[in-house]
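Chemist: from the sequence below, what's the structure:
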Amino acid sequence: MRKVSVVDDKVAAAWAPMTTIERSAPTDRTRPKTADASTVARSLTVTVVGNENLERILRMLARLVSVGYLVYFVVLLPPIMVKSARLDAWWTPLAVATVFGFGLLPGMLSFRSDTRPMRLCAAAAAVAFLLAIVTWPLAWKGPDLAASDAFWLAAFPGLASLAAIVAWPIWLTATHLVSGCVGVMAITAVARGGSSISMLPTEIAFTIMFCTLFVGGAAMAIRTGKLLDFTTESTHRAAASAAAQRARTVERKRIDALIHDNVLSALLAAARGQPEFLVGPLARSALAGLDPLSTQNEPNRLFAVEEAIAHLRAAAADADEQATFDIFSDDIAGLDKLAADGIRTIGSAIAEALRNSRLHAGDSAMRAVTVHLTEHVLKIDVIDDGIGFDPTSIAPHRLGIAVSIVGRMRGLPGGSASVQSRHGVGTLIHLEWALQ
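Modeler: Numbers count the residues shown, from 1 in each chain. The predicted structure is shown next:
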């Protein structure tokens, strides 16, 4: 293994036993030769939450629906067998298979990453319930039920509407609920031979109101999930925008340094009539610094390995000048160039990790950045020996890690990030980029 710009040999192993990081003097930082605020801002793309909370609620409802269908099947199996003699032989097996079969599927499919099959089966369960009501008169042959008895479909119209709300919008679910309640009470009145026809409006109203309690609760849960998704996505976008603004500020500082250190020095030397052997190198250095700016908007811009390392070092230095910076390289003979957007994204994640450490790790905390580069992967550890924290207890509104580090790295193809921390020991943020 070849070691470049070694600052502290203990940094690479500092977090494995979680002992105190020993610190040495910071190294010299070399600023990268490319700086472009718009490109850096584009590199701050993060993965948004999307419908994560809504889908979680729909999965829970689908499992509740399937458990309900299973319970009702077990409880209603004896009445189903008894009343099958009053119907044509084809209806009961078909109705039971479709109504309960489709009802059990959404819960099973809720464990898949794609929710579309789950929602399709929930819709099929809702439709199957209505079809059973519609086809019942075709198969009914009597004799009539007792006035106190009811047909088994009347036991769970609300459960079928809960299946509908997993797949359909609220208005369509409400239509299903009313249709199902009216239908099951109507066929129950017919099965009783019309003996309870006078009570039919009251029974329909009661059934609708009773089922609405559960369907309405599910509707509110779905609405809450949608609002939470919208709020979370808006907050993440605001955090990403703030991170982009910070990146623009850093780029402005780098360009200011380039103008001051190179361009103005060359112009001042020329204005004072300095000899050509002094002015020439200054001018060439200034032009070399300005040349990359002309290619800043190229979509396939590449960094040389040295330029990429310089960018990462500068990003760390801008965030914390006292942090140590180590680079370890191994088997990089075939590695000539690295995608500039990827390096900028990782540099921004390093800077955010160091800024978070400076804010929360404590005044006496020491920080170190360790870069491991091979031909196939770039790995970076940002370590501190501060007070530490519990990663599972971070408040939802604290987005420095979720958006600016983890989200930013997940938005990079082949990128990933992980956070480890313990109270009183310190924090390790691991960044990894598979080089393609």
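Chemist: what about the residue nearest to Val96 when sequence neighbours are not counted, how many neighbours?
Modeler: With CB to CB, 6 or more residues apart in numbering as the measure, Ile80 is the residue that lies nearest to Val96, at 6.3 Å, once sequence neighbours are left out. Heads up, the C-betas are built off the backbone N, CA and C, glycines and all. Neighbouring residues of Ile80 were enumerated by other CB atoms under 10 Å; the total is 17.
Chemist: just Ile387 next, same as before
Modeler: If we define neighbours as other CB under 10 Å, then Ile387 has 17 of them.
Chemist: the residue nearest to Val96 contacts Thr92, correct?
Modeler: Yes. Here Ile80 lies in contact with Thr92, judged by CB atoms under 8 Å, at a distance of 6.6 Å.
Chemist: that older thread, and the residue nearest to Val96, what element?
Modeler: Taking DSSP states H and E as the criterion, Ile80 maps to helix 52-83.
Chemist: can you check Ser418 too?
Modeler: When elements are defined using DSSP H and E, Ser418 is found to belong to strand 415-422.
Chemist: touching that strand from outside, list them.
Modeler: The contact list for strand 415-422, computed with CB atoms under 8 Å, 6 or more residues apart in numbering, reads 15, 18, 342, 345-346, 349, 388-391, 401, 405-406, 408-410, 427-434.
Chemist: and those, which are buried?
Modeler: Among the contacts of strand 415-422, those buried by neighbour count (16 or more other CB atoms under 10 Å) are 15, 18, 342, 345-346, 349, 388-389, 401, 405-406, 408-409, 427-433.
Chemist: distance of Ile208 from Val182?
Modeler: Here the distance between Ile208 and Val182 works out to 8 Å (CB to CB, to the nearest Å).
Chemist: can you check Leu64 too?
Modeler: Distance from Leu64 to Val182, counting by CB to CB: 24 Å.
Chemist: can you check Leu302 too?
Modeler: Leu302 sits 68 Å away from Val182, taking CB to CB as the criterion.
Chemist: next one: Ala128
Modeler: With distances defined as CB to CB, the gap from Ala128 to Val182 amounts to 17 Å.
Chemist: who has more neighbours, the two?
Modeler: Ala128 (21 against 16).
Chemist: state the helix or strand in which that one lies.
Modeler: Under DSSP H and E, the secondary-structure element containing Ala128 is helix 116-139.
Chemist: outside of the helix or strand that comes right after that helix, which residues touch it?
Modeler: Per DSSP H and E, the first helix or strand lying C-terminal to helix 116-139 is helix 157-167. Counting contacts by CB under 8 Å, 6+ apart, the residues outside helix 157-167 that touch it are 58, 61-62, 64-65, 68-69, 72, 99, 102-103, 106, 118-120, 122-123, 125-126, 129-130, 172-173, 176-177, 180-181, 183-184, 207, 210-211, 214-215, 218-219, 222.
Chemist: let's go with 6 Å and repeat that
Modeler: By CB atoms under 6 Å, 6 or more residues apart in numbering, the residues outside helix 157-167 that reach it are 58, 61-62, 65, 68, 119, 122-123, 125-126, 129, 173, 176-177, 180-181, 184, 211, 214-215, 218.
Chemist: convert it to CSV, retaining C-alpha atoms only.
Modeler: Extracted in CSV, the C-alpha atoms of helix 157-167 (Å, rounded to 0.1, in the frame of the first residue of the first chain):
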residue,chain,number,x,y,z
PRO,A,157,-69.4,-4.7,4.3
GLY,A,158,-67.1,-2.2,6.1
LEU,A,159,-64.2,-4.6,5.8
ALA,A,160,-64.7,-4.7,2.0
SER,A,161,-64.7,-0.9,2.0
LEU,A,162,-61.4,-0.8,4.0
ALA,A,163,-60.0,-2.9,1.2
ALA,A,164,-61.3,-0.4,-1.3
ILE,A,165,-59.6,2.6,0.5
VAL,A,166,-56.3,0.8,0.1
ALA,A,167,-56.6,1.0,-3.6
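Chemist: with that, I have no additional questions.
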